[in-house]
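Asker: Using only what follows, build the 3D model:
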Amino acid sequence: MAVMAELKGRDALMRRLNQLAPNVEKYAAQAKLEVAEEAAEMMRERAPTGATLEYRESFSGELLANNPNKQQVGLSQTKDPSAAGVFAEYIWRFLEFGTAPHSTVKGGGTVLGKKLAAQNGAKGLHPGTSAQPHIFPTWRSYKKKASAKIRAAVNKAVREAMGK
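Answerer: Predicted coordinates for the structure are as follows:
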């Protein structure tokens with residue numbers, strides 16, 4: 001016989017879990033932070049190297065609450081107070097997806113900028129960069145282990161509450 005469960009949102013689920021096992025939030029928060037730190041380390045290892053290694057060293061796994069001014073990419077805003085994420089320099093987008101050829105003269109990619117670039121003998125044209133994917137492929141390969149680690153932390157709290 002299968003057991004059916006109906007979820008009425010994250011708040012209701014967490015309230016119920018905290019009634020059953022009061023340490024769930026604590027263990028889950030700790031696991032989420034560990035997962036973010038491990039993911040940041042893996043991404044750091046796969047990141048392209050520049051002349052200074054500055055970009056590579058910018059990866060960090062931290063709580064979202066500690067970085068209120070940073071923008072989240074790839075997901076909507078979360079209500080989870082213990083949510084963690086990976087943070088890096090803003091150029092990650094350019095490296096991950098590459099850039100198209102573009103004008104770097106004053107006026108940029110506007111019609112005027114292109115005319116000025118043509119007058120200057122094509123000076124100020126950037127050839128673009130090829131994509132160097134290192135963030136999303138790393139996360140996709142690590143996602144199952146990350147989920148398992150968080151699930152194990154929740155199960156540990158439940159077992160502890162049950163006295164096993």
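
Asker: ok, longest helix in this protein?
Answerer: helix 136-162 (DSSP state H).

Asker: Any buried residues in that one, and which?
Answerer: 138, 142, 146, 150, 153-154, 156-158, 161 (16 or more other Cβ atoms under 10 Å). Bear in mind the C-beta positions are built from the backbone N, C-alpha and C, glycine included.

Asker: Also stretch 68-85?
Answerer: For stretch 68-85, the buried set under the neighbour-count rule, 16+ other Cβ under 10 Å, comprises 80, 82-85.

Asker: Can you list which of those residues are found in helices?
Answerer: Going by DSSP H, the helices hold none of the buried residues of stretch 68-85.

Asker: ok, so of those residues, who is nearest Lys32?
Answerer: Distance ranking of those against Lys32, using Cβ to Cβ, places Ala84 first at 4.4 Å.

Asker: Pretty sure that closest one sits against Ala36.
Answerer: Yes. Using Cβ atoms under 8 Å, Ala84 is in contact with Ala36, at 3.7 Å.

Asker: these two touch, right, His126 and Phe94?
Answerer: No. Contact criterion Cβ under 8 Å: His126 and Phe94 do not qualify, at 11.0 Å.

Asker: out of the two, which sits in the more crowded spot?
Answerer: Shown here are His126 and Phe94; by other Cβ atoms under 10 Å, Phe94 has more neighbours (14 against 11).

Asker: Ser44 sits in which helix or strand?
Answerer: Quick fix: residue 44 is Arg, not Ser. Taking DSSP states H and E as the definition, Arg44 sits inside helix 24-46.

Asker: shaky segments in the protein?
Answerer: Within the chain, the stretches with pLDDT under 70 are 1-7, 72-75, 105-118, 120-124, 164.

Asker: swap the cut-off to 80 and go again
Answerer: Across the chain, the ranges flagged by pLDDT under 80 are 1-11, 13-14, 17-18, 20, 70-79, 102-126, 164.

Asker: check contacts around the closest residue to Trp92 other than its chain neighbours.
Answerer: Closest residue in space to Trp92, ignoring its immediate chain neighbours: Ile135 at 6.1 Å, by Cβ to Cβ, 6 or more residues apart in numbering. By Cβ atoms under 8 Å, 6 or more residues apart in numbering, the contact set of Ile135 is 43, 86, 88, 92, 96.
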